[in-house]
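Colleague: Curious how this folds, go ahead:
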Amino acid sequence: MEKKTLYLICNAHLDPVWLWNMEEGISAALSTFHTAADFCENYDGFVFNHNEALLYQWIEEYDLPLFERIQKLVKAGKWHIMGGWYLQPDCNMPSGESFVRQIRSGQEYFREKFGVTPKTAINFDPFGHSRGLVQILKKAGYHSYLFGRPSEGDCPLGGDDIIWEGFDGSQILGHRTREGYNSLMGEAGKKVREKLEALRKEPERTEAILLWGVGNHGGGPSRQDMADIAKLMENEKEWTIVHGIPEDYFEKEDTTKLPVIRRDLNPWAVGCYTSQIRTKQNHRRLEGLLTEAEKMASEAVLAGVMTYPAEELADAEKSLMFSEFHDILPGSAIQSVEEQALGILSHGAEIADRVKRRAYFSLLSREKKAGEGEYPILAYNPHPWPVKGVFTCEFQLRDQNWSEKYAMPVLYQNGQKIPSQVEKEECNMNLDWRKKMAFEAVLPPASMTRISAYIEWLSGKPDQTHLLSGEEFIFRGEGLEAHMSRKTGFLTALRVDGKEYLKGDAGRLKVLKSDKDPWGMNRKSYRETEGYFELLTGEEEKDFTSSGKNLEGLRIIEDGEVRTVVEAVFGYGRSRARLRYSFPKHGTAVELEVKVEWLEKGAFLKLEFPTVLTEGQALSETAFGVQEHEKDGLEKVSQRWNGLFDFEKDMAVTLINDGTYGISFVEGCMESSMVHSAAYAAHPIGDRQLIRDDRALDYIDQGERTFHYIIEAGSAKELRKEISAKALSVQEAPMIVNAFPAGKVEKVEKVTPVVLSGEGVILTSLHRTSDGTAYVVRLAETCGRETEAELHFEGLSKVIRLSLGRYEVKTLRISPEKDSWEESSILE
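Modeller: Below you'll find the model as predicted:
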């Protein structure tokens, strides 16, 4: 009888940070890799496996001789580069583009330094996996995926060997490491024996895989482990036990009877969809800044006014990728790691902002000088489609106005007056000098739009704040009607074209019980309500606002021909919140800003939006796809938008956010998760006490946190087509500045380097290739159906026409100098 094969994959899982900071992570990497290199050199047949380019970069920087030893061991086949990513990121919250960055950066490094490209992707430790990963992995050249979580109890798959199918229909082999990725010191032999006993109960199996090696804080193999395994190899009769690599297992696996899994691999650790919300918001911000900087820089290069800043963008990219590590982005690390990560995110954001500024002012050089009395407001839209909305910009009058008159700006676009209103500026100077303008506009694709402000003098300053009377505030705009209760401060009605979309009070801040565990390891939801924030009035309101007077609870703070802004303040326990709704006079997109002063500990905060849409679909954006959810009240993970869609009634309500990832749906209600104030890295261990009770401990997300949402109701068909582009346009907002061009051009020649048309198709990336010879454009279909798209690109004599399948991602390599283009690898 032919013997069966058990592949032992020795590794040393090493979190660069978690319960320790980066410096200790570097130290652990150095000692672990030294030990592993010694074993590789001294034990015949032994193979050590390790992934994560970041760790190898640390070795190269801090111990070059060790790095050169590893290079030789890789060449000799005794050390295997597995996975090939930059690190093991969270696998739910990064965008599709972020996953591409993780793979591209890692593979480029390993090809350059070791001449290898792994075929099995590795993510042992992340807490769940977006279904959008399948298409990315397939197009990145992987044939298999080795993952650890969630377990069968949390995520039933019908077995640990699967065929995982993506949104686009692509498939990849997958294996879940049921026994975990590591072993305790000196207990590898025990783990192998236990695996063999389990395999004897599966007589039909001929191939198996087992991971071992001391992990989490590094470690790898020990001499006792090697001795025990050698005895097992010699004595085992039924199974041939070999030191191997992940690819060995997948290349010989029988795939004929494997279950096909058409879903995401979730849930586990649902508290991590919300924990350490500042990190999540700053991560989302850097994702947008970096992609927008790449687009603006590319467009400026196409316009001939800038050199592409490849090194700077690569530096910012490293900040983004590090922040996506699976204990940083999920918020399961200690407080000092959180602070370190926020600093790294800020570093990346500053670089991206710097590139954006350079691109913007380079493009500004093509604009005419300001006319007599003109305050030019120049808005750059980086997207290849028009962006319509309400925008704001501040500017300074040429001189301070100390008279009794009031300087009222009036705005024009292409010689036509556009709706605008003056609002309170960011500063608090009681002088007519600084102006903030809100205005409606349509910004053409990938180009600079000039809005001209001129001053009209009024006899006095108009009052745009109003105290309300009666039981409710009613707003009526063009197609939109909203009601708010003056008693509760809640949104009680939201009607579009006469149809009601709300059911009950919306915009309520609900406080729920948490168990102080940031992971939420032993739960799948947060449903136990402790209370709600309530409207503050009288002395409580006066104390919180420090206004010195009673503001009557609900009030209008801005009003004009563009929008009406309504404010109310709320309280719960020691916490306070300020909500500001902006209702547009034209259009249906309602903006909501929530500023929370959160001082609750061991609690969870959600924002409720109950709707009439109890039937239909609950949908959320994920990486290069859209995930449908059960409306069961359990915690889900999402990205830039969520929505309830009833296509039979053609009604929908959507919610765009600026950095929240947790969401739940129940009985037509969307509940956005905002704050999870657990204790830092409070890891449940059996029935042991979770945290110490002999001191005052630090809790997560104490203090002021700000959230922005855009709520829109209307046609399900129309919102479904538009929502992904709208959410992207919010994350990568147009850059708008009051700027005075030098006026070196006599006639402005409008250059629109990129224009995209195609229902439900978005451009997710535009950047230069690493060799600087071409441009990369990535397009994604977002509505889940076959479609056609057209792309106009500066320098090409012909329009690019493409067919895209359901949720398909296409990557194009475009060479304007050669007047050519081709479909290319997703890793361009």
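Colleague: what about the strands in the stretch 451-600 of the chain?
Modeller: For the stretch 451-600 of the chain, strands defined by DSSP state E, counting those that start in this stretch occupy the ranges 466-467, 472-476, 480-485, 491-496, 499-500, 508-513, 529-532, 534-535, 555-559, 563-572, 575-584, 589-598.
Colleague: Might you list the low-confidence residue ranges for the chain?
Modeller: Scanning the chain for pLDDT under 70 picks out 1, 216, 218, 465, 467, 745-748.
Colleague: nearest to I328, of the strands of the stretch 451-600 of the chain?
Modeller: Nearest of the strands of the stretch 451-600 of the chain to I328, taken as CB to CB: strand 589-598 at 20.9 Å. C-beta: built from backbone N, CA, C; applies to glycine.
Colleague: Just after that closest one, pick out the following helix or strand.
Modeller: Note on strand 589-598: by DSSP states H and E, the next helix or strand toward the C-terminus is strand 603-610.
Colleague: Just confirm E367 is within a strand.
Modeller: No - looking at E367 with DSSP: H, G, I helix; E, B strand; the rest coil, it is coil, so not inside a strand.
Colleague: Same question for the lengthiest strand in the chain: list its buried residues.
Modeller: Ranked by residue count, the top strand of the chain under DSSP state E comes out as strand 387-401. By 16 or more other CB atoms under 10 Å, the buried positions in strand 387-401 come out as 387, 389-391, 393-395.
Colleague: Give me the angle between it and strand 589-598.
Modeller: Interaxial angle of strand 387-401 relative to strand 589-598 (axes from the mean of the first three to the mean of the last three CA atoms, to 10 degrees): 70 degrees.
Colleague: From the buried residues of strand 387-401, pick the one nearest E749.
Modeller: Nearest to E749 among those, counting by CB to CB, is V387 at 21.7 Å.
Colleague: isn't the closest one right up against S447?
Modeller: No - applying CB atoms under 8 Å, one finds V387 not in contact with S447, separated by 10.9 Å.
Colleague: List the residues that are in contact with both of these two.
Modeller: Residues within reach of V387 and of S447 at once, by CB atoms under 8 Å, 6 or more residues apart in numbering, are N381.
Colleague: returning to that earlier point: who wins for proximity to K195 among the strands of the stretch 451-600 of the chain?
Modeller: The nearest among the strands of the stretch 451-600 of the chain, by CB to CB, is strand 508-513 at 39.8 Å.
Colleague: can I get the CA coordinates of that closest one in CSV?
Modeller: C-alpha atoms of strand 508-513 as CSV (Å, rounded to 0.1, in the frame of the first residue of the first chain):
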residue,chain,number,x,y,z
ARG,A,508,-30.4,57.8,17.9
LEU,A,509,-27.2,57.0,19.7
LYS,A,510,-27.6,53.6,21.4
VAL,A,511,-25.3,52.5,24.2
LEU,A,512,-24.9,48.7,24.5
LYS,A,513,-23.2,46.5,27.0
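Colleague: All the strands of the stretch 101-250 of the chain, residue numbers only.
Modeller: 120-123, 144-147, 161-165, 171-176, 207-212, 239-243.
Colleague: Assumed K280 was part of a helix.
Modeller: Yes - the assignment for K280 is a helix, going by three-state DSSP.
Colleague: and the residue lying closest to G189 once chain neighbours are set aside, what is it in contact with?
Modeller: Of all residues not flanking G189 in the chain, D228 sits nearest, at 2.7 Å (CB to CB, 6 or more residues apart in numbering). In this structure, D228 makes contact with 186, 188-190, 192, judged by CB under 8 Å, 6+ apart.
Colleague: E372: which of those is nearest?
Modeller: When the contacts of D228 are compared against E372 (criterion: CB to CB), the nearest one is A188, at 81.3 Å.
Colleague: do you know how far that closest one is from L536?
Modeller: To L536, A188 is 60 Å away according to CB to CB, to the nearest Å.
Colleague: and what of K631?
Modeller: 33 Å.
Colleague: With mean neighbour count and distance to P259 as new columns, can the strands of the stretch 451-600 of the chain be given to me in JSON lines?
Modeller: Below are these laid out as JSON lines (neighbours: other CB atoms under 10 Å; distance: least, CB to CB, whole Å):
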{"stretch": "strand 466-467", "mean neighbour count": "13", "distance to P259": "62"}
{"stretch": "strand 472-476", "mean neighbour count": "17", "distance to P259": "52"}
{"stretch": "strand 480-485", "mean neighbour count": "21", "distance to P259": "47"}
{"stretch": "strand 491-496", "mean neighbour count": "21", "distance to P259": "43"}
{"stretch": "strand 499-500", "mean neighbour count": "15", "distance to P259": "43"}
{"stretch": "strand 508-513", "mean neighbour count": "19", "distance to P259": "35"}
{"stretch": "strand 529-532", "mean neighbour count": "14", "distance to P259": "38"}
{"stretch": "strand 534-535", "mean neighbour count": "16", "distance to P259": "50"}
{"stretch": "strand 555-559", "mean neighbour count": "18", "distance to P259": "56"}
{"stretch": "strand 563-572", "mean neighbour count": "23", "distance to P259": "46"}
{"stretch": "strand 575-584", "mean neighbour count": "22", "distance to P259": "46"}
{"stretch": "strand 589-598", "mean neighbour count": "20", "distance to P259": "42"}
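Colleague: Of all those strands, which one is nearest E24?
Modeller: So among the strands of the stretch 451-600 of the chain, strand 589-598 is nearest, using CB to CB, at 30.2 Å.
Colleague: can you give me the offset of the closest one from its chain's centre?
Modeller: 19 Å (CA atoms, centre = their mean, to the nearest Å).
Colleague: What of stretch 195-214?
Modeller: That offset, for stretch 195-214, works out to 37 Å (CA atoms, centre = their mean).
Colleague: Please apply the same query to stretch 540-551.
Modeller: Here stretch 540-551 shows a centroid-to-chain-centroid distance of 37 Å under the convention CA atoms, centre = their mean.
Colleague: buried sites along it?
Modeller: So stretch 540-551, judged by 16+ other CB under 10 Å, has buried residues 541, 544-545, 551.
Colleague: okay, among the residues you listed, which ones form the most distant pair?
Modeller: By the measure CB to CB, F544 and L551 form the most distant pair in the buried residues of stretch 540-551, at 9.9 Å.
Colleague: how about the strands of the stretch 301-450 of the chain, start to end?
Modeller: With strands called from DSSP E, counting those that start in this stretch, the stretch 301-450 of the chain shows them at 375-381, 387-401, 406-413, 416-417, 420-423, 432-443, 447-458.
Colleague: Contact partners for the closest residue in space to P246 that isn't next to it in sequence?
Modeller: Spatially, and ignoring its direct neighbours in sequence, P246 is nearest to T120 (4.0 Å; CB to CB, 6+ apart). With contacts defined as CB under 8 Å, 6+ apart, the neighbours of T120 are 82-83, 142-146, 245-247, 250.
Colleague: What of K744?
Modeller: S365.
Colleague: do the same with G714
Modeller: Counting by CB under 8 Å, 6+ apart, the residues that G714 touches are 496-497, 588, 651-652.
Colleague: which residues sit against stretch 471-489?
Modeller: 468, 470, 490-497, 505, 507, 534-535, 552-554, 556, 564, 566, 568, 570, 579, 581, 583-588, 590.
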